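S.K.: show me the folded form of this:
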Amino acid sequence: MIIPYQSLTAETLNNIIEAFILREGTDYGEYDVSLDDKITQIKQQLEQKKIVLVFSELHQTVNILPAEQFNNQVLE
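M.R.: Next comes the predicted model:
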């Protein structure tokens with residue numbers, strides 16, 4: 001199920017994004033990028049609808065995935 005990121009508190013959204021960044025160990029190239037900058041980049045991608053927050057009922061987890069995996073299911 002896609003979770004509209006706008007429905008979350010700022011603190012909850014930041015916690016989800018931070019957990020995602022730390023879990024994924026995202027590589028941003030040859031330059032170090034601060035955690036705050038990474039969070040900002042993820043928020044921008046959410047706003048641009050490039051990625052979505054997805055809740056797995058089976059695993060009771062939230063993940064961040066490419067929006068293209070969900071075709072027309074992305075909420076406006």
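
S.K.: tell me where the chain has helices.
M.R.: With DSSP state H as the criterion, the chain has helices at 10-24, 35-47.

S.K.: as TSV, those helices with mean neighbour count would be great.
M.R.: Every residue, glycine included, has its C-beta placed from N, CA and C. Shown next, in TSV, are the helices of the chain (neighbours: other Cβ atoms under 10 Å):
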stretch	mean neighbour count
helix 10-24	14
helix 35-47	15
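
S.K.: export those helices to a markdown table and tack on mean pLDDT and distance to residue 65?
M.R.: As requested, these are exported to a markdown table (pLDDT from 0 to 100; distance: least, Cβ to Cβ, whole Å):
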| stretch | mean pLDDT | distance to residue 65 |
| --- | --- | --- |
| helix 10-24 | 92 | 10 |
| helix 35-47 | 94 | 11 |
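
S.K.: show me the contacts for the most centrally placed residue in the chain.
M.R.: Among the residues of the chain, the one closest to the centroid is residue 64, at 3.9 Å (Cα atoms, centre = their mean). For residue 64, the contact set (Cβ atoms under 8 Å, 6 or more residues apart in numbering) comprises 16, 17, 20, 42, 51, 52, 53, 54.

S.K.: specify the beta-bridge partners of it.
M.R.: Per DSSP bridges, the residues bridged to residue 64 are residue 53.

S.K.: tell me the confidence at residue 34?
M.R.: Looking at residue 34, its pLDDT stands at 87.

S.K.: how deep is it tucked in, by neighbour count?
M.R.: Neighbour count of residue 34, defined by other Cβ atoms under 10 Å: 8.

S.K.: closest to residue 70 out of the contacts of residue 64?
M.R.: Distance to residue 70, by Cβ to Cβ, is smallest for residue 52 among these, at 6.2 Å.

S.K.: list the contacts for that closest one?
M.R.: Residues near residue 52 by Cβ under 8 Å, 6+ apart: 2, 3, 5, 46, 64, 65, 66, 67, 70, 74.
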